[in-house]
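In: Give the three-dimensional model of this entry:
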Amino acid sequence: MSENSLAIRKISDLANPTRFLGLAERVLPWLAGLTALLFAIGLTLCFTTEGDYQQGETVRIMYVHVPSAWLSMMCYTVMAVAALGTLVWRHPLADVAARAAAPIGASFTFLALVTGSLWGKPMWGTWWVWDARLTSVFVLFLMYLGLIALNRAMDEPGKAAKVSAVLILVGFVNIPIIKFSVEWWNTLHQPASVLRLGGSAIDPEFLRPLLVMAVAFTLLFFTLHIAAMRNEIWRRRVTSMRRQAARSAGREV
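Out: Residues are numbered from 1 along each chain as shown. Now for the predicted structure:
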């Protein structure tokens, strides 16, 4: 059997909720441990580096704000891929993945907005401005809240999955707007300074803890996402059992 066939088979195996639950039980302790270790290293680096000569100690907010902002967009991208899985490939766990990711994405987006406001006050002299970057991130936060409300409001899982998937894909247009807003419009935010052609514009003393925290936040997302998917599978199974029990009780009456 070729390597491609083996990879496809493994992905297909994960479509089985029971097998996914078994994988989650094995992976989660290791993911959680590695996440905690990286956070310990990252936070140590964050508080042992010196402050910036211009921003002073407020530069340390960057180590939480920037990874949160990255994860807010990455989480929605994961949801968009899951939405394609629901509408195109009919993957059994695609809707589970999208539904589980929404509250996590909302949390990261809220954290990015709050830390950005705390950082903006001493740097820009204001808590908030309606520039392109801030406004588009706020719209992303509202989109997350809307999707969470929609999933909770609709009782029919199949219909909710399709409607949610369509809305996720329509809303994905906001992700490139957030990413390139600083280049398309005049905003208070500086252009990309970490990942850019010609290398990073950030001093290595600040770049090292930032990258460690970015990896730690990314692993935190995957840890929370897998755990949330596991809980969503169990929730759906319990709901199905209750409905079956209610139907059986109705027939007996």
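In: can you list the weak-confidence ranges in the protein?
Out: Counting by pLDDT under 70, the chain has low-confidence residues at 1-15, 52-54, 188, 190-201, 251-253.
In: which stretch of helix or strand covers the spatially most central residue of it?
Out: The chain has residue 75 as the residue nearest its centroid, 2.6 Å off, counting by C-alpha atoms, centre = their mean. In this structure, residue 75 sits in helix 62-84 according to DSSP states H and E.
In: same check, this time on residue 166
Out: Element membership of residue 166 [criterion: DSSP H and E] is helix 157-171.
In: C-terminal to that helix, what's the next element?
Out: That would be, after helix 157-171 and using DSSP H and E, helix 174-184.
In: And the contacts of that following helix?
Out: Applying C-beta atoms under 8 Å, 6 or more residues apart in numbering, the contact partners of helix 174-184 are 73, 76-77, 80, 131-133, 136-137, 139-140, 143, 187, 189-192. (Glycine included, C-beta is placed from N, CA and C.)
In: Please identify the buried residues of that helix?
Out: Buried residues in helix 174-184, counted by 16 or more other C-beta atoms under 10 Å: 174-175, 177-178, 181-182.
In: what's the distance between that helix and the middle of its chain?
Out: Averaging C-alpha positions (C-alpha atoms, centre = their mean, to the nearest Å) puts helix 174-184 18 Å from its chain's average.
In: Now do residue 168 against residue 232, distance only.
Out: In this structure, residue 168 and residue 232 are 16 Å apart, going by C-beta to C-beta, to the nearest Å.
In: Between those two, which is the more surrounded one?
Out: The neighbour comparison of residue 168 against residue 232 (other C-beta atoms under 10 Å) goes to residue 168, with 23 against 19.
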